[in-house]
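S.K.: Output the structure for:
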Amino acid sequence: MSSLWVNLAYIVAAVMFIFGLRMLGSPATARSGNALSSGGMFIAIVVTLLSKGIVEFHWIAIAVAAGALVGALASRLVAMTSMPEMVALFNGSGGIASLLVGWAALSGAHAGIGAVTAFTAVTVFLSVMIGGVTFSGSIIAWAKLADVMPSGAVVFAAQRLINGAILGGLVVCGVFFAHAPAPDSYLFYGILGLALLLGIMAVIPIGGADMPVVISLLNSYSGLAACAAGFAINNNILIVSGSLVGAAGIVLTNIMCKAMNRSLANVLFSGFGAVKTAAKVEGEVKPIVAEDAYLILEAASSVAFVPGYGMAVAQAQHVVRELGELLEANGCEVSYAIHPVAGRMPGHMNVLLAEANVPYDQLVEAKDINPRMPNVDVAVVIGANDVVNPAARDDEASPIYGMPIINVDHARTAFVLKRSMASGFAGVDNPLFFGTNTRMLFGDAKASVSALIAEFK
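M.R.: All right, here's what the predicted structure looks like:
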């Protein structure tokens with residue numbers, strides 16, 4: 001294909017990326033936006049393969065078949081509860097792909113296929129460094145989310161100093177590498193090793209409650225790595241798509257930080273939960289059974305569901321929607337209060353409720369539901385912990401102090417559906433469980449909601 005047609009196709013793909021990304025901003029258009037962006041990527045890949053003889057096409061066909069098989073199995077077999085872990089692995093895959101592209105570009109240029117200019121050396125250094133940090137950091141994020149390693153912050157003396165030394169070593173190696181770029185030099189392998197080490201060291205001090213921020217940040221890193229790889233191989237669409245992902249990830253990270261009332265530097269360098277220790281909360285728990293909970297719900301004129309990770313674990317989103325429909329049929333106003341960091345990845349609750357076909361106009365953000373909460377008859381907390389913890393508002397000694405929460409304790413009655421009195425992902429006790437207006441409905445969330453549905457029927 002001529003360069004004219006290639007660039008025209010790239011422009012079409014870039015426009016599809018931009019409009020697809022814009023559509024991802026609303027739950028009502030997110031699926032269409034995802035399909036549009038995927039179509040743009042398909043065009044970009046096909047055009048790139050037709051325009052350049054990269055490798056033999058049978059290798060490309062094998063790679064396409066392998067990728068399609070992995071993708072199909074993942075979409076069918078990976079449960080919604082494991083979606084955060086899969087997103088972390090996706091980010092890591094993007095990082096290692098950019099690292100390998102930069103490495104291949106350097107190897108090709110060094111072999112005489114292209115010139116090893118200072119610009120090429122710098123872009124290769126950036127793609128390897130950012131790609132390496134993204135890959136190893138994403139593996140640690142996956143391990144924390146999958147409970148392969150402790151989810152809490154791992155901190156030790158002089159940690160920041162060590163991380164600073166690693167980053168400084170990367171910069172020094174990068175400067176010398178730019179003057180003498182070679183794929184088999186000690187400098188290159190030093191950059192590779194230090195980048196992988198920095199990714200590990202940067203993520204281990206981040207606790208579980210900050211995982212939504214980490215995932216969105218690593219997503220941004222994967223885009224920046226792809227952008228650098230695009231400059232390394234002089235591919236315009238890779239530059240554009242990487243820039244879009246990098247910018248979108250930074251915006252999303254900023255949104256997540258605001259939702260937790262924390263700066264990005266605080267998330268990355270503080271070691272969440274490692275500095276402060278909240279006081280042990282004690283009190284009288286007031287359990288309730290489904291039959292009594294039904295009587296309260298049946299008389300309610302307004303109910304707000306507050307979903308959390310426990311709803312994902314129980315796969316209760318479909319029965320929650322069914323209960324909501326029964327409440328509406330009974331003349332009750334139903335809403336779903338969505339905290340930006342509920343779950344373990346950005347938008348986790350939105351994805352679950354969209355899967356259950358909950359009407360989008362019933363989804364209410366935390367800042368909008370809080371002023372209405374004193375007039376809510378029943379707030380039903382389904383597996384949420386940290387995002388409804390009054391300690392974030394009232395206890396200055398709590399590690400989550402200052403994080404905006406959903407003020408469930410201000411509702412007239414609060415039902416909390418949990419298996420036990422265990423704390424949330426942040427490991428902080430929740431005074432809500434002992435509130436005078438709180439009733440604990442213990443058991444599997446799906447079974448508890450199903451029992452409520454049975455009472456209504």
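S.K.: And this structure, what are its domain boundaries?
M.R.: Per the record's domain assignment (automatic domain parsing), the chain is made up of the domains 1-77, 80-269, 290-456.
S.K.: Quick one: distance of the first one to the chain centre.
M.R.: The reference is to domain 1-77. Its chain's C-alpha centre lies 22 Å from the corresponding centre of domain 1-77 when counted by C-alpha atoms, centre = their mean, to the nearest Å.
S.K.: residues near Ser301, how many?
M.R.: Each residue near Ser301 was counted by other C-beta atoms under 10 Å, and the total is 13. The C-beta positions use only the backbone N, C-alpha and C, and glycine is treated the same way.
S.K.: and it, what is it in contact with?
M.R.: Residues touching Ser301, when contacts are defined by C-beta atoms under 8 Å, 6 or more residues apart in numbering, comprise Gly331, Cys332, Glu333, Asp377.
S.K.: and of those, the nearest to Ser222?
M.R.: Using C-beta to C-beta, Glu333 is the member of the contacts of Ser301 that sits closest to Ser222, with 41.6 Å.
S.K.: residue ranges with poor pLDDT in the protein?
M.R.: The chain contains residues with pLDDT under 70 at 1, 53-55, 109-115, 208-209, 266-280, 424-427.
S.K.: related to what we said a few turns ago, quick one: buried ones out of the contacts of Ser301?
M.R.: Buried by 16 or more other C-beta atoms under 10 Å: Cys332, Glu333, Asp377, out of the contacts of Ser301.
S.K.: hmm, back to that, out of the contacts of Ser301, what pair is the most spread apart?
M.R.: The largest separation in those, counting by C-beta to C-beta, is between Gly331 and Asp377 at 11.9 Å.
S.K.: host element of the residue most central in space within the chain?
M.R.: Centre of the chain computed as the mean C-alpha position; nearest residue by C-alpha atoms, centre = their mean is Met345, 3.1 Å away. Per DSSP states H and E: Met345 is located in neither a helix nor a strand.
S.K.: With Leu238 instead?
M.R.: Counting by DSSP H and E, the secondary-structure element that holds Leu238 is helix 236-259.
S.K.: Kindly export that helix (C-alpha atoms) in PDB.
M.R.: In PDB, the C-alpha atoms belonging to helix 236-259 read as follows (Å, rounded to 0.1, in the frame of the first residue of the first chain):
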ATOM      1  CA  ASN A 236       2.100   7.300  13.600                       C
ATOM      2  CA  ILE A 237      -0.900   5.300  14.700                       C
ATOM      3  CA  LEU A 238       1.000   3.700  17.600                       C
ATOM      4  CA  ILE A 239       2.100   7.200  18.700                       C
ATOM      5  CA  VAL A 240      -1.500   8.500  18.500                       C
ATOM      6  CA  SER A 241      -3.100   5.500  20.300                       C
ATOM      7  CA  GLY A 242      -0.400   5.400  22.900                       C
ATOM      8  CA  SER A 243      -0.800   9.100  23.600                       C
ATOM      9  CA  LEU A 244      -4.600   8.700  23.900                       C
ATOM     10  CA  VAL A 245      -4.200   5.800  26.400                       C
ATOM     11  CA  GLY A 246      -1.600   7.600  28.400                       C
ATOM     12  CA  ALA A 247      -3.600  10.800  28.600                       C
ATOM     13  CA  ALA A 248      -6.900   9.000  29.400                       C
ATOM     14  CA  GLY A 249      -5.100   7.000  32.100                       C
ATOM     15  CA  ILE A 250      -3.700  10.100  33.700                       C
ATOM     16  CA  VAL A 251      -7.100  11.800  33.700                       C
ATOM     17  CA  LEU A 252      -8.700   8.600  35.300                       C
ATOM     18  CA  THR A 253      -5.900   8.400  37.900                       C
ATOM     19  CA  ASN A 254      -6.600  12.000  38.800                       C
ATOM     20  CA  ILE A 255     -10.300  11.200  39.200                       C
ATOM     21  CA  MET A 256      -9.500   8.300  41.400                       C
ATOM     22  CA  CYS A 257      -7.200  10.400  43.600                       C
ATOM     23  CA  LYS A 258      -9.900  13.000  44.000                       C
ATOM     24  CA  ALA A 259     -12.400  10.300  44.900                       C
END
